[in-house]
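Here you go, sequence then predicted model.
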Amino acid sequence: MLIMCAIGAVVAPFLPQPQWTSTLVAVLTSYLVATSWVTIKRKKGTVGRFEIGALLVPLTVAVTLVTLGLQAANRPTGSSAAAPLPAYFVFAAIAALAAALDLRVILRRGVSGAQRITRHLWRMCGALLIASFSFFLGQPQVFPASIRGSPILFVPEIAVLVLMIFWLVRVRRPSVFRRDAAGRPALAGGSFDLHQAQGTHD
């Protein structure tokens with residue numbers, strides 16, 4: 001993922017029509033992958049210089065994308081744009097959200113438990129989702145003409161999004177997926193003990 005993002009970030013400005021938006025999105029994707037990896041490698045409940053320095057990346061990306069988006073919105077009608085107008089603000093919002101969560105982690109001096117897994121999970125899946133959009137919808141020329149513009153190209157993105165939501169819910173609300181001894185879903189907040197159920201099968 002990091003190699004792919006690095007290539008995209010370097011190549012985009014040198015295309016016939018420079019794609020600075022693609023460069024910023026590639027930097028954002030690299031940041032998501034790197035911080036996700038460090039979240040797991042870092043000892044739980046701690047932060048380091050990397051997290052503090054990395055905070056500057058999403059802040060810079062968010063401000064730059066908003067600036068470019070406002071410039072694109074003020075262009076004369078009919079002029080070519082490097083990216084669809086909503087894309088500037090969608091990716092800026094993602095960057096701003098990541099920056100806010102980074103600041104929260106820094107102020108709390110790290111994360112642990114389910115919050116640590118959640119941080120790793122959404123950042124890796126978010127990076128994969130961005131990469132999927134960039135390839136399947138952003139590069140239609142690499143696909144056969146018969147499926148260009150087809151809804152089938154949305155399937156990978158939807159799959160990543162659904163799986164991300166599923167695992168976020170499973171990590172943050174494990175009681176939703178617990179089952180009692182009879183195989184029935186246990187009610188969230190109920191008295192059912194997962195360890196007791198495991199003991200019945202030992």
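Sure, I can see it.

From here on, just use CA atoms for contacts and neighbour counts.
OK.

So for the chain, the centremost residue is which one?
The centre of the chain sits closest to Gly126, judged by CA atoms, centre = their mean, with a distance of 1.6 Å.

Could you report the distance from Thr21 to Ile94?
14 Å (CA to CA, to the nearest Å).

Compare the two (neighbour count), which wins?
It is Thr21, of Thr21 and Ile94, that has more neighbours when counted by other CA atoms under 10 Å, with 22 against 16.

which stretches of the chain form helices?
2-11, 20-41, 49-54, 56-73, 85-107, 113-132, 155-172, 194-201 (DSSP state H).

Please tell me how far the residue nearest to the centre of the chain sits from Ser146.
Taking CA to CA, one finds Gly126 at 29 Å from Ser146.

same thing with Val25?
In terms of CA to CA, Val25 sits 29 Å off from Ser146.

With neighbour numbers in mind, choose between these two.
Val25 (26 against 7).

how far away is the nearest residue to the more buried one once chain neighbours are set aside from Val66?
Of all residues not flanking Val25 in the chain, Phe91 sits nearest, at 7.2 Å (CA to CA, 6 or more residues apart in numbering). To Val66, Phe91 is 9 Å away according to CA to CA.

neighbour-wise, which of those two wins?
When Phe91 and Val66 are compared for neighbours, Phe91 comes out ahead with 21 against 17, by other CA under 10 Å.

Hmm, the more buried one is touching Val63, no?
No - here Phe91 does not reach Val63: they are 10.6 Å apart, not a contact under CA atoms under 8 Å.

I'd like the distance between Trp20 and Lys43.
36 Å.

Give the residue from these two that has the larger number of neighbours.
Neighbour count, other CA under 10 Å: between Trp20 and Lys43, Trp20 has more, with 20 against 13.

dump the residue contacts of the residue lying closest to that one once chain neighbours are set aside.
Spatial nearest neighbour of Trp20, excluding adjacent residues (CA to CA, 6+ apart): Pro13 at 5.7 Å. Going by CA atoms under 8 Å, 6 or more residues apart in numbering, Pro13 touches 19-20, 23.

Alright, calling it a day.
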